[in-house]
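In: curious how this folds, go ahead:
(one chain, ligands or ions: 2)
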Amino acid sequence: MKNNTVPPIPSSEITPEHVYLNRRQFLKLAAVGAAGALLAACGIKTQSENTPGYSDSINPAERPRDERGDPANSFEEITNYNNYYEFTMDKGGVASLAKNFPTSPWQVEVSGLVHKPRIFDIEDLRQFPQEERVYRLRCVEGWSMVIPWLGFPLSLLLKEVEPMTSAAFVQFTTILDENNMPGARSPFYPWPYTEGLRLDEAYHDLTLLVTGLYGKELLPQNGAPLRLAVPWKYGFKSSKAIVRIELTETMPPTFWNRVAPNEYGFYANVNPEVPHPRWSQATERRIGENRRRETLLFNGYAEQVGQLYANMDLRVNY
Ligand SMILES: Nc1nc2c(c(=O)[nH]1)N[C@H]1C(S)=C(S)[C@@H](COP(=O)(O)O)O[C@H]1N2
Ligand SMILES: [Mo]
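Out: Ligands and ions are numbered 1, 2, ... in the order given. Take a look at the predicted model:
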């Protein structure tokens, strides 16, 4: 393997800080519904004005960047290269199969070991202060993207329901809608898709409940109307189309762990030194690039999340 060290980013390519901060502050103020109108008012083209995807009409140098300086993938890439087994295993086929997936009305039950269990309407969840977070997404298969999500920290929702002291894990359950999800009729998978986090991981500020991307409401292929983004873990931890969030005392079973326990652990932290049993995790292909990049420990978020795993053997707890 060649030396694929990511070169330092010339400062001339980084979005000037004031432009970026203004954009962020403004997005924090804008609820998803209003964001499009405000973007238009600010002279930024929205998708409705300029189909397909406004981001495709702009140079990658003008796209939002993550904190490392990597530009976001295009709207077209993010919405047409997807993993969503409830629809199909074909990454290029999800968008068209999910096109008419009904995402409204939608309710999310937050229950289990909490003092104030509650059913939230998706509209209630849009009332949480929405902010833009430009995160890297690293799929366990060895590809990655940079995505400008719109959402709010899961911790804000958890605080509302007041977890009991006995709660130690959070389970996420995806909708099982066999009528509208052709892949979910497959008898070979343990539907519904479930995932889980340890409570401290769930409370971490990086853990985002996502309602949109590129300043627009989420499309079905990306997990509308509500999905997770846990950027330091392999992509499969970031459940789409969530209908239940349950606090538990014991580690909840997860979809991919049930499919192949020796390949997909509960933790699934991105780690270049712990290979998947069938392939190396040392490098990845950023969608839109040809050369492979080196994969970073915790997907580059080690400074923020490393201490969560201080006393754990990351090879055992894969
Ligand atoms: N319900 C559900 N959530 C899911 C998946 C899935 O098949 N079903 N795939 C996961 C995987 S493997 C990845 S890499 C990401 C992909 O998210 P994206 O298509 O928005 O990029 O979604 C994750 N969430
Ligand atoms: Mo993935």
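In: residues in the stretch 1-150 of the chain within reach of ligand 1, list them.
Out: Counting by Cβ under 6 Å from any ligand atom, the stretch 1-150 of the chain comes close to ligand 1 at 82-86, 137, 139. In short, each C-beta sits where N, CA and C put it, glycine included.
In: now the helices: where do they sit in the stretch 101-250 of the chain?
Out: Ranges of helices in the stretch 101-250 of the chain, per DSSP state H, counting those that start in this stretch, are 122-125, 154-161, 199-203.
In: Provide the contact partners of the first one at residue level.
Out: Read that as helix 122-125. Contacts with helix 122-125, where a contact means Cβ atoms under 8 Å, 6 or more residues apart in numbering, come from 103-108, 157, 209, 211, 225-226.
In: switch the cut-off to 7 Å
Out: Outside of helix 122-125, the residues within contact range by Cβ atoms under 7 Å, 6 or more residues apart in numbering are 104, 106, 108, 211, 225-226.
In: the second one now?
Out: Outside of helix 154-161, the residues that reach it under the criterion Cβ under 7 Å, 6+ apart are 110, 114, 116-118, 128, 202-203, 205, 207-209.
In: still on that earlier bit, buried subset of the contacts of helix 122-125?
Out: Buried members of the contacts of helix 122-125, scored by 16 or more other Cβ atoms under 10 Å, are 106, 108, 211, 225-226.
In: before we move on, back to that, now render the residues of the stretch 1-150 of the chain next to ligand 1 as CSV, adding neighbour count, secondary structure and pLDDT.
Out: Formatted as CSV, those follow (neighbours: other Cβ atoms under 10 Å; DSSP: H, G, I helix; E, B strand; the rest coil; pLDDT from 0 to 100):
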residue, neighbour count, secondary structure, pLDDT
N82, 22, coil, 98
N83, 20, coil, 98
Y84, 27, strand, 98
Y85, 20, coil, 98
E86, 26, coil, 98
L137, 23, strand, 98
C139, 19, coil, 98
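In: nearest to ligand 2 among these?
Out: Nearest to ligand 2 out of these is C139 (Cβ to the ion; 3.3 Å).
In: what bridges to W149?
Out: For W149, the beta-bridge assignment (DSSP bridges) gives partners R133, L213.
In: now do R68, the pLDDT please.
Out: You'll see R68 listed with a pLDDT of 98.
In: ligand 1 contacts on the stretch 201-318 of the chain?
Out: 222-223, 235-236, 238-241.
In: name the nearest of these relative to ligand 2.
Out: G235 (3.6 Å).
In: close to ligand 2: what parts of this structure are there?
Out: Contact residues (Cβ under 5 Å from the ion) of the chain with ligand 2: 83, 139, 235-236.
In: any idea which helix or strand carries I78?
Out: Assessed by DSSP states H and E, I78 sits inside helix 75-80.
In: low pLDDT regions in this protein?
Out: Scanning the chain for pLDDT under 70 picks out 1-58.
In: the strands in it, which residues?
Out: Here the chain has its strands, by DSSP state E, at 107-112, 118-121, 131-138, 143-153, 169-174, 194-198, 208-213, 216-217, 227-229, 242-248, 283-286, 293-294.
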